[in-house]
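J.: quick one: sequence and predicted model below, then my questions.
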Amino acid sequence: MGSMAGYQALAAAGLSIVALLNRRFRAVPAAAQLNAFLASTNELKTMRNNQGLLIQQPAIALYCYRVSVDSETRPGWSSVASIDGIPRIPLRMHFLIAAWAPNAWDELRFLGLAAQTLECDSILTGPLLDPVGEWGAGDAVQIVPDDLALVSMSEAFQALSTDFRLTLPYIARVICIEGRLEPGREPVSTVATRTEAGI
């Protein structure tokens, strides 16, 4: 079995989704100025970047609000680890897609375009995955809509202390991070000696 993703795979998955969205936006004349970005909690609350500048609209924000262990594939990877001794943890990245535009019409249009893109290109593999993730040859990340209740989404915005925004919830799965290879131990040799009783 080939190598799996490294510890930066979660960040790389986010960057891969953002890059996919931006490539598709450039191909649509009406959305040529639309820019997708990976948002931090502070950016989602203030719409300002790390330098304190206002983020230019129109924009699509990808905000990861939760990371969970993929319970469906974890037993299988645990079995593999018991054979080769390399621990692996399969993860799911839960994220929200939010749109910023001067009016509700454009926000809805841009959310629709993002949904169309993620539905048409729902599996990221090979060159579509950002190389910082140190992906293995067979790695793939699937993007599927999440079934997030309105109450849960409202609670998320309350926790962020920001106004509620129209968002689309998604899950990126399965991001399997492989443990580091530990250097091999030196083989231990046992030397047995026999002594004979003297006269």
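T.: Good, I have the coordinates.

J.: count of residues packed around T125?
T.: Neighbour count of T125, defined by other C-beta atoms under 10 Å: 14. Backbone N, C-alpha and C define where each C-beta goes, glycine included.

J.: so who does the nearest residue to it once chain neighbours are set aside touch?
T.: In space, and not counting its chain neighbours, T125 is closest to A140: 4.1 Å by C-beta to C-beta, 6 or more residues apart in numbering. A140 sits next to I123, L124, T125 when contact means C-beta atoms under 8 Å, 6 or more residues apart in numbering.

J.: lowest confidence element among the helices and strands of the protein?
T.: Every helix and strand of the chain was ranked by mean pLDDT, DSSP states H and E. The lowest is helix 150-160, at a mean of 61.

J.: re earlier: quick one: which of the contacts of A140 is nearest to D84?
T.: Among the contacts of A140, T125 lies closest to D84 (C-beta to C-beta), at 23.0 Å.

J.: hang on, the earlier thing: next structured bit after the least confident helix or strand of the chain?
T.: strand 167-178 (DSSP states H and E).

J.: what does the average pLDDT come to for that following strand?
T.: Mean pLDDT, strand 167-178: 91.

J.: same deal with stretch 60-71?
T.: Taken as a whole, stretch 60-71 carries a mean pLDDT of 91.

J.: ok, now how distant is R109 from E119?
T.: In this view, R109 and E119 are 16 Å apart by C-beta to C-beta, to the nearest Å.

J.: surely L91 and C176 touch.
T.: Yes - L91 is within contact range of C176, at 7.4 Å (criterion: C-beta atoms under 8 Å).
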